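>>> how would this look folded up:
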Amino acid sequence: MGRNFGDGETGARGLFVARLAELWAAAGNPTLERVAGAAGARIRGTRARGAAGGVAVQRISDWRAGRNVPARFESLVPVLLTLIEAAGGAAEVPRRLSDLGAWHRLWKAARGEVDSSRVGCLPEATATLIRAFECLLIPELLQTEDYARAVVTLGYWTRSERLRRVELHRRCRDILAPRGGPTVWAVLDEAVLRRPVGGAQVLRAQLEHLVEMSSWPNVVIQVLPFGASGHTPVGTSFTLLRFAGRALPDIVYLHQLNGTAYLNRPAELDLYRRAMDCLATQADSQDRSRARLMAAAAGL
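Numbers count the residues shown, from 1 in each chain. Model (predicted):
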């Protein structure tokens with residue numbers, strides 16, 4: 001299932017909204033008013049007769065749109081039960097959507113991201129394994145600050161949004177470190193090495209940065225050369241994320257002009273995993289890729 005969210009959301013929060021959207025669709029896409037009314041009736045039914053209670057339509061709307069995460073899990077439960085019932089009951093709904101224990105773990109992870117920082121961060125911030133294919137630009141986590149600044153000037157954003165994105169990059173790139181950071185496995189189309197983002201000097205420094213990072217034990221960089229015949233026709237860049245523990249399953253995300261599309265259905269994940277495996281097989285080895293990076297930098 002794909003869904004667009006703002007670029008400031010991280011993995012757990014984005015997945016929380018995606019799962020809620022999936023459950024909403026399974027329930028037949030009822031109106032906000034209908035869900036709020038039914039959830040309110042559930043709350044009142046558990047209290048003394050005549051007691052007030054309910055969930056505001058605007059609050060549920062904010063949860064669906066990713067503008068907020070419930071402060072208390074108890075506020076979310078009647079909404080979940082209403083949607084599960086509308087979808088035919090727990091027996092008819094996939095376990096990932098009907099299990100309140102799984103919802104609680106996902107809510108806790110998403111809420112933890114909200115509480116830990118009011119500044120957005122890259123989705124990779126909570127991942128343990130990051131696999132990326134890039135056909136246009138250097139992956140965000142591997143970008144130098146100058147390259148990142150040059151990238152945001154290519155977009156259609158306002159000046160304030162460009163400054164926000166640069167600050168976002170600065171705050172989040174520290175999650176990747178030679179020791180203790182996530183494992184990153186990136187496959188870059190050779191065109192990425194030739195595209196002069198920011199000019200020759202910026203690109204040279206960026207390629208030299210990739211050469212240095214390729215020696216880190218938790219970073220694998222491969223180049224898919226122009227000469228690779230019949231490589232997997234994926235058509236776009238994508239990133240696969242794996243998280244620690246069982247609360248958050250793998251997700252795929254795709255950058256778009258209006259936000260980020262998250263994919264989390266098993267069939268979608270399997271498709272992108274197989275595509276990533278094929279690309280890694282068709283790309284140059286790590287040593288040959290490192291030599292190609294060095295040659296490209298020397299040629300600038």
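>>> drop to CA atoms for contacts and neighbour counts, all remaining ones
Will do.
>>> Give the residue spans of the stretch 151-300 of the chain that score low on pLDDT.
155-157, 171-172, 177-180, 229-234, 245-248, 256-260 (pLDDT under 70).
>>> for it, what spans make up the strands?
Along the stretch 151-300 of the chain, counting by DSSP state E, counting those that start in this stretch, strands occupy 183-189, 219-224, 238-243, 251-256, 259-263.
>>> TSV for the ones you listed, including mean neighbour count?
Formatted as TSV, the strands of the stretch 151-300 of the chain follow (neighbours: other C-alpha atoms under 10 Å):
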stretch	mean neighbour count
strand 183-189	23
strand 219-224	24
strand 238-243	21
strand 251-256	19
strand 259-263	20
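>>> Nearest to V69, out of the ones you listed?
V69 sits nearest to strand 259-263 of all the strands of the stretch 151-300 of the chain, at 17.2 Å, using C-alpha to C-alpha.
>>> can I get the strands of the stretch 151-300 of the chain in JSON lines with distance to N68?
Formatted as JSON lines, these follow (distance: least, C-alpha to C-alpha, whole Å):
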{"stretch": "strand 183-189", "distance to N68": "29"}
{"stretch": "strand 219-224", "distance to N68": "34"}
{"stretch": "strand 238-243", "distance to N68": "22"}
{"stretch": "strand 251-256", "distance to N68": "20"}
{"stretch": "strand 259-263", "distance to N68": "16"}
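>>> quick one, which of those strands is nearest to R195?
strand 183-189 (10.6 Å).
>>> A109 contacts A12, correct?
Yes. A109 lies in contact with A12 (C-alpha atoms under 8 Å); the separation is 5.9 Å.
>>> So which of the two has more stuff around it?
A12 (28 against 19; other C-alpha atoms under 10 Å).
>>> surely the more buried one meets L106?
Yes. Contact criterion C-alpha under 8 Å: A12 and L106 qualify, at 6.8 Å.
>>> and P249, how far is that from L129?
12 Å (C-alpha to C-alpha, to the nearest Å).
>>> what do these two both touch?
242-243 (C-alpha atoms under 8 Å, 6 or more residues apart in numbering).
>>> How far off centre is the helix or strand containing L129?
Using DSSP states H and E, the element containing L129 is strand 127-134. Relative to its chain's centre, strand 127-134 lies at 10 Å (C-alpha atoms, centre = their mean, to the nearest Å).
>>> Neighbouring strands - and their directions - for it?
strand 183-189 (parallel), strand 238-243 (antiparallel) (DSSP bridges).
>>> For that strand, what does the pLDDT average out to?
Mean pLDDT, computed over strand 127-134, is 91.
>>> now the angle between strand 219-224 and that strand, please.
20 degrees (axes from the mean of the first three to the mean of the last three C-alpha atoms, to 10 degrees).
>>> For strand 127-134, buried residues please.
127-134 (16 or more other C-alpha atoms under 10 Å).
>>> can you name the two of the residues you listed that are farthest apart?
Taking C-alpha to C-alpha, no two of the buried residues of strand 127-134 sit farther apart than T128 and E134, at 19.2 Å.
>>> Can you tell me, leaving aside adjacent residues, what's nearest to F226?
Leaving aside its sequence neighbours, F226 sits nearest to E190 (C-alpha to C-alpha, 6 or more residues apart in numbering; 6.2 Å).
>>> do the same with A27
That would be A87: by C-alpha to C-alpha, 6+ apart, it lies 3.9 Å from A27.
>>> Same check on W107?
That would be F16: by C-alpha to C-alpha, 6+ apart, it lies 6.7 Å from W107.
>>> tell me which residues in the host helix or strand of that neighbour are buried?
Using DSSP H and E, F16 falls within helix 11-26. Neighbour-count burial for helix 11-26 flags 11-24, 26 (criterion: 16+ other C-alpha under 10 Å).
>>> OK, contacts around F243?
126-129, 249-250.
>>> Apologies, that question was intended for A71.
R111.
>>> Buried residues, stretch 80-87. List them.
Buried, per 16+ other C-alpha under 10 Å, within stretch 80-87: 80-84, 86-87.
>>> which outside residues touch that stretch?
Contacts of stretch 80-87 (C-alpha under 8 Å, 6+ apart): 23-24, 26-28, 35, 38-39, 90, 93, 97-98.
>>> Could you tell me which of those residues count as buried?
23-24, 26-27, 35, 38-39, 93, 97-98.
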